[in-house]
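**Q** quick check, what structure comes out for this input:
(one chain, ligands or ions: 1)
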Amino acid sequence: MRTVVRIEVVHGDITAEQVDAVVTAANESLLGGGGVDGAIHRAAGPRLAQAGGRVGPCEPGDAMATPAFDLDPPVRHVIHTVGPVWEGGDYGEDDTLASCYRRSLAVADELGARTVAFPAIATGLYGFPPERAARIAVATLRTTPTEVTHIRLVAFDRETYDLLAAELR
Ligand code: ADP
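**A** Residues are numbered from 1 along each chain as shown. From the prediction side, this is the model:
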């Protein structure tokens, strides 16, 4: 295996991404939550929560797949990963966040997904400092062996976009 060929940052709504798989920042139940997870569940329809309930629960740092249901093609898979709740940084939060990115790539490989869109995992309701999260996201995605060729880091706000773009330079 090699590493990802291309990583880019884009500004927008991850539910509009045209990729093989979208990653959602889920909570452990995989039944749907707020933020990006709420948006993905709304777009994928109620079968996503039913499928999440069957495969879950999911531990922080792990990732699990379901079909993408009503998300528009070419999206075929949702990869649900559970970030760390930020508790100050002394509780393994960095490692858990890196594990989210690594495990999501491993699940993408199991699915045969070559193009994957990621949100800024854990930087919303879970409170992970965005600059530190951007550094971990880019460093982990750059160094993890995978068959995924193309990653789109989807930033929902300007600050996240700028932080990710700076890490990619
Ligand atoms: P967590 O609970 O892991 O912190 P959140 O969904 O609260 O997850 O936030 C993670 C990131 O996703 C934040 O940067 C938030 O602004 C962003 N986000 C929220 N909605 C969307 C969306 N529709 N597309 C892409 N990113 C989104």
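
**Q** make it CA atoms for all contacts and neighbour counts henceforth
**A** Fine.

**Q** enumerate the residues of this protein near the ligand.
**A** 13-14, 25, 34-37, 39, 83, 119-127, 154-156 (C-alpha under 6 Å from any ligand atom).

**Q** of the residues you listed, buried ones?
**A** 14, 25, 36-37, 39, 83, 119-123, 126, 154-156 (16 or more other C-alpha atoms under 10 Å).

**Q** pull the most distant pair out of those residues.
**A** Ile14 and Tyr126 (18.2 Å; C-alpha to C-alpha).

**Q** for the nearest residue to Asp157 once chain neighbours are set aside, phi and psi?
**A** Of all residues beyond its chain neighbours, the one nearest Asp157 is His11 (7.0 Å), with distances taken as C-alpha to C-alpha, 6 or more residues apart in numbering. Backbone torsions for His11, taken as degrees, to the nearest 10, come to phi -110, psi 130.

**Q** where exactly do the strands run in the chain?
**A** 6-11, 21-26, 63-67, 77-82, 115-118, 150-155 (DSSP state E).

**Q** as a markdown table, the ones you listed with mean pLDDT would be great.
**A** Output for the strands of the chain, formatted as a markdown table (pLDDT from 0 to 100):
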| stretch | mean pLDDT |
| --- | --- |
| strand 6-11 | 98 |
| strand 21-26 | 98 |
| strand 63-67 | 98 |
| strand 77-82 | 98 |
| strand 115-118 | 98 |
| strand 150-155 | 98 |
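
**Q** all good on my end, thank you.
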